[in-house]
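Peer 1: Mind folding the following:
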Amino acid sequence: MYKVEKDDRSSLYYSQYEYCVTLHIPNASCLRDLQPVRFEAAIRNAKYWDEQERGGAFKNRGRDVWEGTNKESALRETRNILLEQAGAYKAVISYNVLSLYTNNIKLADRFAKVGNPSVHLHLVRRAVITKPAGVVQLQESRHGYRTYLRERKYSLDQRNLLLNFLDSREGTLRPCGALMAWLRQQPKYYMANPNYSRSHYFVDHDHPNEGTMLSLVMPGIVRKTMPIETTK
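Peer 2: Residues are numbered from 1 along each chain as shown. Predicted structure coming up:
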């Protein structure tokens with residue numbers, strides 16, 4: 001029904017989960033709280049903002065903004081599966097992507113059988129411990145350390161501040177291409193959200209204290225700094 005991709009890592013996901021099940025679901029943020037009252041409020045809020053983006057076209061015709069689509073049923077079906085889920089899992093939501101970290105591969109089986117086209121099982125990964133902990137292994141690198149950024153929301157002023165700092169340290173810092181595309185508002189993939197950084201954004205540098213400098217420029221932005229080990 002789906003392919004499980006091997007993900008060579010130094011640890012399990014969040015140090016406890018073997019699998020990561022990634023789903024694409026419109027308005028996935030509605031699934032942040034599965035309690036009935038808050039879930040229904042999130043549905044109403046999502047419909048309201050969809051209506052605003054469409055200039056009131058559906059409201060003026062007396063129609064539900066999601067009428068004729070699979071959006072609402074997709075969210076309700078997903079919520080039901082998660083409520084029925086036996087065993088622990090961790091849900092991480094970013095834009096229209098729901099990532100479920102679990103030790104129960106049957107959770108992926110459930111979503112593979114959902115017939116709703118708005119619930120797309122995009123990827124299933126299995127963490128395989130093959131790398132040493134606490135280092136980044138690369139075939140070659142001109143730098144000695146890599147600092148990963150935290151996934152969180154940033155204002156335009158904050159993003160411009162970070163962009164100016166990285167530009168001013170050109171030659172000393174090497175930010176990844178995805179990070180610079182995000183800062184320059186040139187996203188290269190359809191899920192890109194200009195307001196949120198992603199956990200895979202990183203900056204390579206030579207001195208471990210450069211991570212501290214990033215924290216001074218943008219408090220709370222640094223997730224972790226790791227030494228780079230070349231395997232060439």
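
Peer 1: For N103, give its distance to S10.
Peer 2: Using C-beta to C-beta, to the nearest Å, N103 is found at 18 Å from S10. Every residue, glycine included, has its C-beta placed from N, CA and C.

Peer 1: Quick one: residues in contact with stretch 10-26.
Peer 2: Contacts to stretch 10-26, defined as C-beta atoms under 8 Å, 6 or more residues apart in numbering, come from residues 4, 7, 31, 71, 74-75, 78, 89-90, 96-105, 107-108, 111, 118-127, 129, 131-135, 191.

Peer 1: go again using 6 Å as the cut-off
Peer 2: By C-beta atoms under 6 Å, 6 or more residues apart in numbering, the residues outside stretch 10-26 that reach it are 71, 74, 90, 96, 98-103, 105, 107-108, 118-127, 131-133.

Peer 1: Identify each buried residue in that stretch, please.
Peer 2: Within stretch 10-26, the residues that count as buried by 16 or more other C-beta atoms under 10 Å are 12-13, 17-26.

Peer 1: Give me the domain ranges for this structure.
Peer 2: Domain assignment for the chain by automatic domain parsing gives 4-129, 136-230.

Peer 1: in the helix or strand E77 falls within, what counts as buried?
Peer 2: Assigned by DSSP states H and E, E77 belongs to helix 71-84. Buried residues in helix 71-84, counted by 16+ other C-beta under 10 Å: 71-72, 74-75, 77-79, 81-82.

Peer 1: V21 pairs with what?
Peer 2: Beta-bridge pairing of V21 under DSSP bridges involves L100, V124.

Peer 1: Local confidence estimate at it?
Peer 2: With respect to pLDDT, V21 has a value of 96.
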